[in-house]
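Engineer: Following is a predicted model, sequence given first.
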Amino acid sequence: MIRGILETIGRTPLITIPNTNRAGEAQVLLKYERFNPGGSVKDRPALYIVEEAERRGLLRPGGTIIESSSGNFGISLAMIGAAKGYRVLILVDPKTTDANLALLHAFGAEIIVVTEQDDSGSYHKTRIALANKLARETADAFRPDQCFNLLNGEAHFRSTAREIMDACSGKISAFVAAVSTGGQLGGISRYIREKAPEAKIVGVDAIGSSIFGGETNPYRIPGIGLSWTPTNLDLELIDCAYKIPDDQAFLAARTLARHEGILVGPSSGACALVALKLAQELLPGERVVCMASDGGERYASSLFSEDGTARQGAAASADPEELRGLARRLEPWSVRPAEQANYRPDLAESLDVPETTLRMNETAYAESARR
């Protein structure tokens, strides 16, 4: 018997894409996080951070969880709050989809829409600063703080990474993940470096994000990118980075739906494109594990509908061979990402990161290392 919905988080499958991935090359395996109850990989760090806060006495019965999130992390916290009886307040922005807003409402979360842009033209910094202010002013509040809390990465170090390596008997040739707050790529890369140091670790970002350096410009891929390198991500562990255009990410996601029967979001489409690139460069019998962070339902109006496709001026889908050709022509943005790091240690102070987050960071990974 499963005692509540939260016990179903994790243990997600690895899925092949046989209609797109060919014999004679490495095997692509999607780590399909849509199978989590909240529908995304963010269920893992959300639950881990909340339960660590409970264990440390930072979040008590009747408390309020306050977070800046335009998508999956906020939905995960809303689900967890509903299951555990917490009030949940999520700060979103005008780019948040109607589907995500509906899911937040369904779980009973309160929503604040932040409309002020930050100095990069995005909303990340203004959302975070307001969330921190509200947390200081609200009695019994807790800020999970996915951008600055290193427990975000530790959650993936302890769960996602171990599942991948166990399922592959410790043998993978490459690992591919998108990056936003840095938790999944940061935590999993730490674990893989310990257990399979020869594996190639590849980060995927949007053109317009500056996590791996470069100029910051608007982009449409949701759930990916920042205007700085997040503290959860150690770029010394990353072998190379790709930046994918919006239209290619959307096209790849639609092609996987049409030709593999697999729904993924645009950021996962971008990762799949890079995974196909690597598979064509590696040998049969080798494995490329690719994170598919969520399903495509949340992007239905922009990703799969005829109106959404027309607005983007993009093809509805590609033939698998066309997608493979597109992947083959990709070139890395950087083969030495650490040299283009865009860390901003000043942000913790300027955005007034809570003291509780800084205290939690002091022990991040320490307990995992002892286990």
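Structural biologist: Received the coordinates, thanks. These numbers come from a predicted model, not from an experiment. Residues are numbered from 1 along each chain as shown.

Engineer: so where do the strands sit in the stretch 1-150 of the chain?
Structural biologist: Shown for the stretch 1-150 of the chain, the strands assigned by DSSP state E, counting those that start in this stretch span residues 14-16, 27-32, 64-68, 87-92, 110-113, 141-142.

Engineer: again but with the stretch 151-300 of the chain, I slipped
Structural biologist: 174-178, 200-206, 240-244, 287-292.

Engineer: deepest of those strands, which one?
Structural biologist: Of the strands of the stretch 151-300 of the chain, the one with the most neighbours on average (mean count of other Cβ atoms under 10 Å) is strand 174-178, at a mean of 29. C-beta here means a position set from N, CA and C on the backbone, and glycine is covered the same way.

Engineer: just checking, what packs against that one?
Structural biologist: Applying 3 or more Cβ pairs under 8 Å, 6 or more residues apart in numbering; DSSP states H and E, one finds that strand 174-178 makes contact with helix 183-195, strand 200-206, helix 266-281, strand 287-292.

Engineer: Recalculate using a threshold of 10 Å.
Structural biologist: In terms of contacts (3 or more Cβ pairs under 10 Å, 6 or more residues apart in numbering; DSSP states H and E), strand 174-178 is packed against strand 27-32, helix 160-167, helix 183-195, strand 200-206, strand 240-244, helix 266-281, strand 287-292.

Engineer: Serialize the ones you listed to a markdown table and add fields for mean pLDDT and distance to residue 132.
Structural biologist: Below are the helices and strands packed on strand 174-178 laid out as a markdown table (pLDDT from 0 to 100; distance: least, Cβ to Cβ, whole Å):
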| stretch | mean pLDDT | distance to residue 132 |
| --- | --- | --- |
| strand 27-32 | 98 | 32 |
| helix 160-167 | 98 | 27 |
| helix 183-195 | 98 | 19 |
| strand 200-206 | 98 | 25 |
| strand 240-244 | 98 | 29 |
| helix 266-281 | 98 | 26 |
| strand 287-292 | 98 | 29 |
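
Engineer: Take those and write them to TSV, including distance to residue 129.
Structural biologist: Listed next are those as TSV, based on distance: least, Cβ to Cβ, whole Å:
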stretch	distance to residue 129
strand 27-32	33
helix 160-167	29
helix 183-195	20
strand 200-206	23
strand 240-244	27
helix 266-281	25
strand 287-292	29
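
Engineer: For residue 73, which of those is the nearest?
Structural biologist: helix 183-195 (9.0 Å; Cβ to Cβ).

Engineer: if I read this right, residue 331 contacts residue 277, doesn't it?
Structural biologist: Yes. Counting by Cβ atoms under 10 Å, residue 331 does reach residue 277; the two are 9.2 Å apart.

Engineer: sorry, back to before: what's the closest of the strands of the stretch 151-300 of the chain to residue 83?
Structural biologist: Per Cβ to Cβ, nearest to residue 83 of these: strand 287-292, 24.4 Å.
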